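# I would like to see how this sequence folds:
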Amino acid sequence: QEFAYSNLAQLRSQPDYQVIQTRLLNSQLQGFTDFLRSLGVDPDKDVDEVTLGWHGSPIDPSAYYGLASGRFDPGKVHDFFVQQNLPWQQYGGYDLYAYGSGSGARDLYFAFLSYSTAAFGRLGDLKTLLDVRAGSKPALDSKADFVKYEGELEGISPQWGIATGAAAANHAAPWLAGGGNLPFDPQSLLAPIRAVLYRIDWDSGFTMHMSVVCDSVQSASMLSRLITAWQSVGQAPDPNMNPALTNFVQGLQVTSDGSRVELTGSAPME
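Modelled structure (predicted):
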């Protein structure tokens with residue numbers, strides 16, 4: 001339901017990368033990268049690109065899987081696991097290494113597909129990725145909508161993503177709410193949403209652009225008008241939301257373009 005891409009090599013060239021980095025990784029993924037460092041893999045130097053995926057409903061933020069490209073030494077990692085008697089197994093001709101006990105349902109596994117590509121995820125997800133690579137299960141690019149959306153985003157930003165289904169609604173909800181309490185039921189707004197495409201740039205502060213894909217031109221037009229009207233009224237912000245974020249969301253530029261609602265906003269890095 002969701003696909004996220006980050007070009008770490010490009011982001012590392014930004015002067016504020018240390019700040020950006022804190023927003024790229026959740027706690028489990030940060031722990032995973034720390035574990036990789038103990039194996040001699042330095043994500044800050046050796047990993048150039050990362051793609052993450054999620055599936056199922058509701059979306060579990062920790063249930064990610066994906067691919068990383070960069071420079072790896074599979075033999076060194078294999079020797080470390082053997083010497084330290086750490087859990088690993090084989091599947092489809094690949095060595096699958098456990099991050100954790102290897103028996104937990106949420107434990108991550110990773111495998112090297114080559115010296116430049118690694119795959120990771122919970123055991124079932126990682127095996128599915130390997131099945132896709134072997135051609136026994138369909139790849140993501142077999143979905144026409146995904147290919148179309150990816151074509152719009154690929155290469156235009158160091159960080160972008162695609163969300164569909166429940167994940168699309170989850171992404172859109174806080175932006176549509178604008179940091180305050182909507183004078184209408186947000187669920188009625190989320191029903192027509194089919195996908196969300198987003199991209200983030202960090203060249204001079206923070207800039208976000210989001211395309212909310214609706215089921216019809218009429219739905220997009222109505223959604224755009226409702227958000228714009230609500231913004232102009234200036235509802236009281238949600239006291240539980242960061243004031244700076246509230247100001248950012250309330251200041252979003254909102255337009256409709258066919259069956260899409262376009263949201264754009266910029267703010268200082270802090």
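# in this structure, which spans are helices?
Using DSSP state H, the helices found in the chain span residues 8-12, 17-21, 27-38, 43-46, 74-83, 123-134, 144-153, 165-177, 186-190, 217-233, 243-250.
# deepest of these, which one?
helix 165-177 (a mean of 19; mean count of other Cβ atoms under 10 Å). All C-beta atoms are positioned from the backbone trio N, CA, C, and that covers glycine.
# pLDDT of that helix, averaged?
Throughout helix 165-177, pLDDT has a mean value of 74.
# So, low pLDDT: which residues of the chain?
Where the chain drops to pLDDT under 70, the residues are 26-28, 57-58, 174-188, 233-241.
# Enumerate every residue touching the closest residue to Gly102 other than its chain neighbours.
Of all residues not flanking Gly102 in the chain, Pro87 sits nearest, at 3.1 Å (Cβ to Cβ, 6 or more residues apart in numbering). The contact partners of Pro87, by Cβ atoms under 8 Å, 6 or more residues apart in numbering, come to 81, 97-98, 101-103.
# Please determine how far Pro87 is located from Tyr97.
In this view, Pro87 and Tyr97 are 8 Å apart by Cβ to Cβ, to the nearest Å.
# which residues are common contacts for these two?
What both Pro87 and Tyr97 touch, as defined by Cβ under 8 Å, 6+ apart, is the set Phe81.
# before we move on, the earlier item: mind checking which of the contacts of Pro87 are buried?
97-98, 102 (16 or more other Cβ atoms under 10 Å).
# With distance to Gly66 as new columns, can those be given to me in JSON lines?
Shown next, in JSON lines, are the buried ones among the contacts of Pro87 (distance: Cβ to Cβ, whole Å):
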{"residue": "Tyr97", "distance to Gly66": "16"}
{"residue": "Ala98", "distance to Gly66": "17"}
{"residue": "Gly102", "distance to Gly66": "20"}
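# Inside strands: which ones of those residues?
97-98 (DSSP state E).
# Which member of the buried ones among the contacts of Pro87 is positioned nearest Pro243?
Within these, proximity to Pro243 (Cβ to Cβ) peaks at Ala98, which comes in at 42.9 Å.
# check contacts around that closest one.
By Cβ under 8 Å, 6+ apart, the neighbours of Ala98 are 86-88, 107-109.
# for it, which residues make a bridge with it?
Here Ala98 sits in beta bridges with Tyr109, as judged by DSSP bridges.
# Check the gap between Phe3 and Asp107 for me.
In terms of Cβ to Cβ, Phe3 sits 23 Å off from Asp107.
# what about the two, which has more around it?
Set Phe3 next to Asp107 and count neighbours by other Cβ atoms under 10 Å: Phe3 wins out with 21 against 14.
# Ala267: neighbour count?
Neighbour tally, Ala267, other Cβ under 10 Å: 15.
# Any idea what Trp88 is bridged to?
With DSSP bridges as the rule, Trp88 is bridged to Tyr97.
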